[in-house]
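> I'd like to go over a predicted model; first the sequence, then the structure.
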Amino acid sequence: MHNPAQNREMARDAADLEFTDPLTGLGNQRRFHDKVDRLIRERADDPAPFAIGLLDLDGFKPINDLFGRSAGDFILQQVALRLNAAMDGNSFVARVGADEFAFLYPMIFSEEAVSQKARMLIEILSAPYDIGERTARLSASVGCSLFYSGDETTSHLVNKAETALYHAKRSGRGGVVVYTREMEEAAKRVTRIEQALRRAVSAGEVEPHFQPIVDLKSGTTIGFETLARWTDRDLGFVSPATFIPIAEERGIIAPLSQLVLRKATEAARTWPEHLFLSFNLSPSQLVDQNTGLQVLSILNRTGFDPRRLEIEITETGLMTDPASAEKIVDDLRRVGIRVSLDDFGTGQSSLGRLREFNFDKLKIDRAFVSSILEDKPSEHIIRAILAMCEGLGMDVVAEGIEEQAQADRLVQFGCAGGQGFLFGKPKNAEATLGYLRDSLRGAQRVRSA
Ligand code: C2E
Ligand code: MG
Ligand code: MG
């Protein structure tokens, strides 16, 4: 039997445990909410605002996979130590998710001040972590919100910080965003698009368009890139630059992609056999091991020759989980599908990856092509990419060619393939068939002349 004092102590320990994160010893989500609740009550009659922040580690999962779970735990403990050491007497940090931390800043009164604090924390976390012989690096994104009025609750405040964090994550690594009211509007718009897109995908209303890819020297079409197009009944035309990222984030990309690939391969089946079809895969699809199988089963069903298909992936797609991406790429290449690296030069380009992955083709990003005539650095970069591709035995396509002079310059540098409005805008299946008939007739005229 325990005496009353022991009982009290045990009760206190149990309560502590409920409020503590066992891995790092920091407070947990409950403690954080409790602290914010209390501060809101204290500030009820006081006009002074205060700030909270949510910090999420960027790319923690690959670190866990690469170095192992215990190294992952060790890094989380180091992160906790660094964050805790960065708190002053008033502020407070808790661990509120696997790789998510929360801060409370009672004495911060402005958006500038809290974003400055957040940037400092990111800086502190960016110093390397020693794991035995190896070192790891981390970055983090932070979303912040301020408490202004007495009718706001803790969950309001946390929701606002979550919205800000979502915006920070979307704009890349290492960002800090403070919540504003416009974000709420933007979030509502995203939700509207998401719902309309779900409906459109199940009703089969997203269509493939096709943009010609040409042999620059002769000007003949060698293939087409598939680009998804969607016009909603209520929202009107929505650009893929808007709906593709939403589809990725909200888990609609797989069914959307299957729909577009099915329609595209059905259309391309009747094209002359020497023409290839290229198709974009999103980064999130390269993390999903079902992707390969889904692509193959569509080709099976539509009877499209896999050797006529090319898959375009980006460097971002390879970064999240290189091992998973490699497996998917291997599966696709085994049946003769070619793989090209899209938008080369703008993402997190790594030459090492070009060696590890066997790409069949590289697509030079429009950013370089559009400035090739005016900008010496772009010219040098393009020439270097072309030399590299030749050495590695990769085909090249320059994207976004709009003027003849750009095409001429690219030919002069030895670039074989091109794509852009100069040769044709993306068109629907029917118009593409018309385009092919016309160019075939043109070729016959040339031959018979
Ligand atoms: P991307 O794969 O790099 O596709 C090329 C984009 O450049 C297309 O934009 C195309 O219309 C545009 N473009 C081509 N030539 C020119 C030119 O001469 N000038 C200019 N200014 N633009 C040109 P689009 O169709 O808006 O697609 C944007 C992005 O959305 C694509 O970039 C691709 O990443 C993504 N996307 C489109 N369709 C799909 C899809 O079915 N699945 C996936 N996962 N992503 C898609
Ligand atoms: Mg592409
Ligand atoms: Mg591209």
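Happy to help now that I have it. Ligands and ions are numbered 1, 2, ... in the order given.

> Write out the residues of the protein neighbouring ligand 3.
Residues of the chain lying near ligand 3 by Cβ under 5 Å from the ion: 342-343, 399. For every residue, glycine as well, the C-beta is placed using N, CA and C.

> Most neighbours among the residues you listed, which one?
Neighbour counts for those peak at residue 342, which has 24 neighbours (criterion: other Cβ atoms under 10 Å).

> What sits closest to it if chain neighbours are left out?
The shortest distance from residue 342 to any non-neighbouring residue, by Cβ to Cβ, 6 or more residues apart in numbering, is to residue 312 (4.1 Å).

> if I read this right, the one you found contacts residue 278, doesn't it?
Yes - using Cβ atoms under 8 Å, residue 312 is in contact with residue 278, at 5.6 Å.

> all helices of the stretch 201-350 of the chain, in order?
240-249, 253-268, 291-302, 315-319, 322-334 (DSSP state H, counting those that start in this stretch).

> Throw those into JSON lines and include mean neighbour count, thanks.
Putting those into JSON lines (neighbours: other Cβ atoms under 10 Å) gives the following:
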{"stretch": "helix 240-249", "mean neighbour count": "17"}
{"stretch": "helix 253-268", "mean neighbour count": "21"}
{"stretch": "helix 291-302", "mean neighbour count": "17"}
{"stretch": "helix 315-319", "mean neighbour count": "20"}
{"stretch": "helix 322-334", "mean neighbour count": "17"}
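
> Let me know which of those is the nearest to ligand 2.
Closest of the helices of the stretch 201-350 of the chain to ligand 2 is helix 240-249, at 10.1 Å (criterion: Cβ to the ion).

> close to ligand 1, is that closest one?
Yes - Helix 240-249 is in contact with ligand 1 by Cβ under 6 Å from any ligand atom, via 240-241, 244.

> before we move on, back to that, which neighbours do residue 312 and residue 278 share?
The contact sets of residue 312 and residue 278 overlap at 225, 340 (Cβ atoms under 8 Å, 6 or more residues apart in numbering).

> more neighbours, these two?
A direct count of neighbours by other Cβ under 10 Å for residue 312 and residue 278 places residue 278 higher, at 25 against 20.

> low pLDDT regions in the stretch 301-449 of the chain?
Scanning the stretch 301-449 of the chain with the threshold set as pLDDT under 70 gives 347-349, 442-449.

> For it, which residues are neighbours of ligand 2?
312, 342.

> Please enumerate the strands of the stretch 301-449 of the chain.
309-313, 338-344, 361-364, 395-398, 417-419 (DSSP state E, counting those that start in this stretch).

> Is it possible to get a markdown table of those that adds distance to residue 66?
Shown next, in a markdown table, are the strands of the stretch 301-449 of the chain (distance: least, Cβ to Cβ, whole Å):
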| stretch | distance to residue 66 |
| --- | --- |
| strand 309-313 | 20 |
| strand 338-344 | 22 |
| strand 361-364 | 26 |
| strand 395-398 | 32 |
| strand 417-419 | 35 |
